[in-house]
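K.L.:
can you look at this prediction? I've put the sequence above it.
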Amino acid sequence: MDISASSCNLETRDTVLYRPEACDDSGAIARVVVPATLFRISEPPWLLVEEGFTLAREHEIESLFAIGNGYIGNRGSLAEGSPLSAPATFLAGIFEHSDQPGSIPQLMTLPDWTEVRVWIDDHPLSMQEGEIIEHRRILDFARGVLWREWRHRDKNGRVTRLLAFRLTSLADRHLLLQSVIVVAENYSATMRFESSIEVPRSALPAPSRWKARRSPERPNVLPLALKCPGLDIEIAFGAASQLLTTTASVGERLVEMDERHIVERFQLKVTVGTECHLHRLVSVYSSRDLEDPFDAAVAHVNRVLPSRISEAVSAHETAWNSRWQHSDIRVEGDDSLQRALRFAVYHLISAANPEDSHVSIGARALTGEAYKGHVFWDTEIFMLPFYTYTDPACARALLTYRYHTLEAAREKARRAGFAGAMYPWESADTGEETTPRAVIAPSGEVISVLNGELEIHITADIAYAVWQYWQGTGDDDFFAQFGSEITLETARFWASRGRMEADGRYHLRQVIGPDEYHENVDDNTFTNLMAAWNLVRGAETAGWLRAKRPDRWRELEHRLQLSDQELRMWSHLAEVMYTIFDPKTLLYEQFAGYYQKEAIDLKKFEPRTAAMDVILGHERINHTNVVKQADVVMALYLLWSQIPADVRRANFLYYEPRTGHGSSLSPSMHALVAARLGEAHLAGQYLKQAAQIDLGNNMGNAAGGVHAAAIGGLWQAVVFGLGGLEVDGSGLSFTPHLVESCRQLAFPFCWRERQLEVSITHHKLQVAVQGPGPLQLRVAGGAETLAQPGHTYVVERANRGWSSWHRLDS
Amino acid sequence: MAAALPEWHDALHTIGKRQRSVENIVLPLDGSASSRRAIPIGRYLAQLYGATLHVLYAAEHPFSPREAIDQLGLRDEDLHGAVLDQHRGEPAPAILAAGRQLLRPIIIMCTNTGHHSGADCFGSVTEAVLAGTPERIVLIAERDEAPWTIQRILLAHDGTPSSDLATAPAAEIAQRAGATVIAIHVAARGDHYREEPGSLPAPRYVDQPQHEWPNWASEFMNRMLALGAPPSSVSFKLVVTGGQAGSEVAHVSREREADLVVMAWHGRWDTPQSATKVVVRTAGCPVLLIYSGAE
């Protein structure tokens, strides 16, 4: 038995969870169905482990331990359920719609395909009864597998061991696998297994042709299909189970199914030491994917069945290994940060699908129903850089979603009386605005939600992300085909949204900046700076198209009716864009009138676990100077190279103590900017806070799903903050600022098809380069070198800076 | 091959202990007018639960029952259906002993019972009884002897699983009385939530209120109801405010005209600023404390 062979080449020392020794001699089952390689987990730094069972935390655990592949996501619920279990499976892009007034689309919760219940002499195996001897859940980041181990003593003293895993294949995104081993440790009894999939009450079963889809060649593949409420979309499941035991017989199998559910029951006699292995293959397709999802799901399971689950698991692990090779960040000296980064990267990989350019990533990805699956600026500003620099195909798909929803953004602008494209603050499948109009706070107060109309910076954020992707990848085809039109139409929006006023400046009034504590403000610095940036890039885009893609330019010029006069106007408006900047203090006023707000000393409220608007109240917070999240500080980061160093420092030091971090998006951005400014202590504090938003929480933060933007922000804080990495059109620049707890930081980075391996210590920076051509490497704005592919370059700290680069092999 | 994995926890958390119903009401009286304020409460709850009302009177020398009734200033109708329990010696130990020995009791008493040793203290007997951390006690600070009914119950919940121990008792009273329950959570300063697994205080991050609040409220109620396991027919509402926990609960109690506040407590009673003490003093209605064990 080869238990050391690993398809996941990450230098992990594997732990074998299960060895099918009892099966070795009797043969068929163990050798064919349960290869030992299936039952390995990676070493501890690659694991998230939840020991024991705290019922109150169940929703958090389900989110943290969610599995996914960008097409489908599944919460880490207990297979047999509990009073607080909320099992949920989501398909990216499948949103329920309703005709009810005021209703908004929400990510549809699909039937739970993971439900497996076990009965021992008709008594259910349950966490709620008897004694839990041992229980743990393990999420293996390296392999993308969720494990569960459980030893249970029932009220009659019968001890049962259960070992289970599940995965959503990263190699074959429609394929879901589940395996459960149950061992009767000290008893003989009748054991019954029941696996089921049921259409939720809120959904309708699909057309009645479903029965015919049960293949005569593979009668064990059971179909189930349902319709997405409010849309003409059908979702189909194909499922097949196998039960194998260490006894000679597999007992009795019963199938029960109708249009709303499929159930498979296995019943058998077990004796002391009997092992039962239940393996399930499930396939999911929707009519978004292809015309006939029923046939596809059943045929898919039929295709996979003969090769058994081991091949499917192996392919899945290989796919994960490949993704990790291009995205794993290694941190020496800070185990907590290391785990948080692996957690972050794991969930980011799980969230995106490069094969579908009509979907994006919701605020909680596919890990929970909170935020209804809606897409915010979170994706473009907080998550996208991870994909751009580790898996550009994913980034391209995500940005193309914005291209496919461009018409809805144009329509939104038209309805609001503006030109160009005005992207929605929240969007779902169609790209229409899906922000709720009001919310009833638990205080009973009805709060109007103005973000859909006023939080317009998202339009520039999307253009910014398009440009960053283009600069980072050199993907001219994308830019010409998709990105340029976004950039032009968003620039046009900004030229219509503001007003030239008597002071000769262009003002953007009545907006909400990233600091959402202050609504309906004038001339928010972040919004105005980003709008100006967008206007400039719009004009540059026209120039680039003219020069490089004249056919495309002519097509766009004609279709969008662009004129030279309009392009010149964009440049002019960017020049006269009003920002409230004081050259004496070097400060930007966050918006007109910010300095007149009531000053609040946030330190007096520490320690606190509640957001400041909860403590002070929604109405009062608007009259204070408490900033919800990085706003001017966010602009410092995004527009770093165009803001002088002394201005960056002055503004960070001014706004940081006034920021309440009432958004999970805030700590990571403060960590990033603090690190770049050399404020190592602050950077360390914020990095820790950012790392704990999901993982460190014992406060239910993650119950509705993981904070996808926060984990994207954490990745950026480490790469662009601690690593001090800046990207431009010619190459990469580093100004490393490792925090004290971190001895070494290493990460892969993809820039314009070059694959780099970056390693940073407090004394040395090393970059290995692979790829099609040279690139410029700079350090701390000083020494630079033209790095050739196939070589490794090093700089070391000198007395007051860095030495010159040298090639390691020279 | 054996890469180390974390050890098993020593103990798995047991959550959702249900408070048992009430069979005996312990009503300590000392003859003072203030102690008699508790009589309508005791009689009402005895009737509500179908429980036996025990009027407890502790004195150095025993009296005949008639003398005791006179000493306590009771009318015969006050004792209808009740048992008069006389004890020799100090009242607090007798009250606590009754609380231990009777089946499924609730102690109901006035906060002013006994001598006063300071403005921030309750009566000495009340303080001594509280120091003994009875499992359930109703404290009455301000009210007259008018009849009492329950229409609105305020359930103070700080988001910890310990607080869930108060959910079922509140719900049971509500169900019996046909009352509604308003759960109140005060977003207060403090970091103690981190110490109790499964806590759900008001959110630290409200990324988008239009999503965060409905989700948080749903999660809060789901946990509270699942762990407190109340009867399903009871109507719950949730209110969240910010500020000092004790004064906010008391404020909402008065504002919403609550008839009873129910809350879990850890037996900590040592400072005048104690949230529990503030609630008992200023809620404007009786307060039922459910002991949830020491912190």
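P.N.:
Noted; the coordinates are in hand.
K.L.:
C-alpha only now, for contacts and for neighbours.
P.N.:
OK.
K.L.:
tell me which residues are up against the longest helix along chain B.
P.N.:
Looking across chain B with DSSP state H, the single longest helix is helix B:209-228. Counting by Cα atoms under 8 Å, 6 or more residues apart in numbering or on different chains, the neighbours of helix B:209-228 from elsewhere in the structure are A:56, A:83-84, A:370-371, A:436, A:438-442, A:449, A:703-704, B:15-18, B:159, B:161, B:164-168, B:200, B:202-203, B:206, B:238.
K.L.:
strands - which of those residues land there?
P.N.:
Under the assignment DSSP state E, those contribute A:438-440, B:238 to strands.
K.L.:
filter the residues you listed to the buried ones?
P.N.:
With neighbours counted by 16 or more other Cα atoms under 10 Å in any protein chain shown, the ones in strands among the contacts of helix B:209-228 contain buried members at A:439, B:238.
K.L.:
check contacts around A:Gly738.
P.N.:
Actually, residue A:738 is Leu rather than Gly. Each residue near A:Leu738 by Cα under 8 Å, 6+ apart is listed here: A:675, A:680, A:722-723, A:744-745, A:761-762.
K.L.:
about what we covered before: could you pull out the buried residues of the longest helix of chain B?
P.N.:
Buried positions in helix B:209-228, judged by neighbour count with 16+ other Cα under 10 Å: B:209-217, B:219-220, B:222-228.
K.L.:
just stretch A:265-272 next, same as before
P.N.:
With burial defined by 16+ other Cα under 10 Å, the residues of stretch A:265-272 counted as buried are A:265-271.
K.L.:
in strands, which of the residues you listed fall?
P.N.:
Per DSSP E, the subset of the buried residues of stretch A:265-272 in strands is A:265-270.
K.L.:
related to what we said a few turns ago, could the ones in strands among the contacts of helix B:209-228 be laid out in a markdown table, adding distance to A:Pro293?
P.N.:
Written out in a markdown table, the entries for these read as follows (distance: Cα to Cα, whole Å):
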| residue | distance to A:Pro293 |
| --- | --- |
| A:Ala438 | 38 |
| A:Val439 | 38 |
| A:Ile440 | 40 |
| B:Leu238 | 43 |
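K.L.:
quick one: which of the ones in strands among the contacts of helix B:209-228 is nearest to A:Leu665?
P.N.:
Of all the ones in strands among the contacts of helix B:209-228, A:Val439 has the smallest distance to A:Leu665: 21.1 Å, by Cα to Cα.
K.L.:
how close does that closest one sit to A:Val626?
P.N.:
When distance is defined by Cα to Cα, to the nearest Å, A:Val439 is 22 Å away from A:Val626.
K.L.:
how about A:Lys227?
P.N.:
Separation of A:Lys227 from A:Val626 (Cα to Cα) stands at 46 Å.
K.L.:
equivalent analysis for A:Ser563, please.
P.N.:
For A:Ser563 relative to A:Val626 (Cα to Cα), the value is 44 Å.
K.L.:
more neighbours: which of these two?
P.N.:
When neighbours are counted by other Cα atoms under 10 Å in any protein chain shown, A:Val626 comes out ahead of the other of A:Ser563 and A:Val626, with 27 against 11.
K.L.:
residues contacting the more buried one?
P.N.:
By Cα under 8 Å, 6+ apart, the contact list for A:Val626 reads A:517, A:599-600, A:602, A:658-660.
K.L.:
let's see 7 Å
P.N.:
With contacts taken as Cα atoms under 7 Å, 6 or more residues apart in numbering or on different chains, A:Val626 has the following neighbours: A:600, A:658-660.
K.L.:
which of the residues you listed sits closest to chain B?
P.N.:
Set against chain B, the nearest of the contacts of A:Val626 by Cα to the nearest Cα is A:Gly660 (9.7 Å).
K.L.:
hmm, A:Asp613 and that closest one touching each other?
P.N.:
No: with contacts defined as Cα atoms under 7 Å, A:Gly660 does not count as touching A:Asp613, sitting 9.0 Å away.
K.L.:
all strands of the stretch 1-150 of chain B, in order?
P.N.:
Taking DSSP state E, counting those that start in this stretch as the test, the strands found in the stretch 1-150 of chain B are B:24-28, B:52-59, B:82-88, B:105-110, B:136-140.
K.L.:
in a markdown table, list those strands along with mean neighbour count and mean pLDDT.
P.N.:
Written out in a markdown table, the entries for the strands of the stretch 1-150 of chain B read as follows (neighbours: other Cα atoms under 10 Å in any protein chain shown; pLDDT from 0 to 100):
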| stretch | mean neighbour count | mean pLDDT |
| --- | --- | --- |
| strand B:24-28 | 27 | 95 |
| strand B:52-59 | 22 | 90 |
| strand B:82-88 | 17 | 89 |
| strand B:105-110 | 27 | 95 |
| strand B:136-140 | 24 | 96 |
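K.L.:
among the ones you listed, which comes closest to chain A?
P.N.:
Within those, the stretch nearest chain A is strand B:136-140; the backing value is 23.7 Å (Cα to the nearest Cα).
K.L.:
does B:Arg37 really touch B:Ala146, like I thought?
P.N.:
No: under the criterion of Cα under 7 Å, B:Arg37 lies out of contact with B:Ala146, with a separation of 8.2 Å.
K.L.:
picking that back up, how about the strands of the stretch 1-150 of chain B in CSV, adding distance to chain A?
P.N.:
Converted to CSV, the strands of the stretch 1-150 of chain B look like this (distance: least, Cα to the nearest Cα, whole Å):
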stretch, distance to chain A
strand B:24-28, 31
strand B:52-59, 34
strand B:82-88, 40
strand B:105-110, 28
strand B:136-140, 24
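K.L.:
which of the ones you listed sits closest to A:Trp425?
P.N.:
When these are ranked by proximity to A:Trp425, the top entry is strand B:136-140, at 50.6 Å, counting by Cα to Cα.
K.L.:
and the next helix or strand after that closest one, what other elements does it pack with?
P.N.:
Using DSSP states H and E, the helix or strand that follows strand B:136-140 in sequence is strand B:152-156. The criterion is 3 or more Cα pairs under 7 Å, 6 or more residues apart in numbering or on different chains; DSSP states H and E, and the helices and strands that strand B:152-156 contacts are strand B:180-187, strand B:260-265.
K.L.:
wait, doesn't A:Val439 sit right on A:Val446?
P.N.:
Yes: counting by Cα under 7 Å, A:Val439 touches A:Val446, with 5.8 Å between them.
K.L.:
gap between the spatially closest residue to A:Gln510 that is not a sequence neighbour and chain B?
P.N.:
Taking Cα to Cα, 6 or more residues apart in numbering or on different chains as the measure, A:Gln510 lies nearest to A:Asn520, with 4.4 Å between them; neighbours along the chain are not counted. Going from A:Asn520 to chain B by Cα to the nearest Cα, to the nearest Å gives 16 Å.
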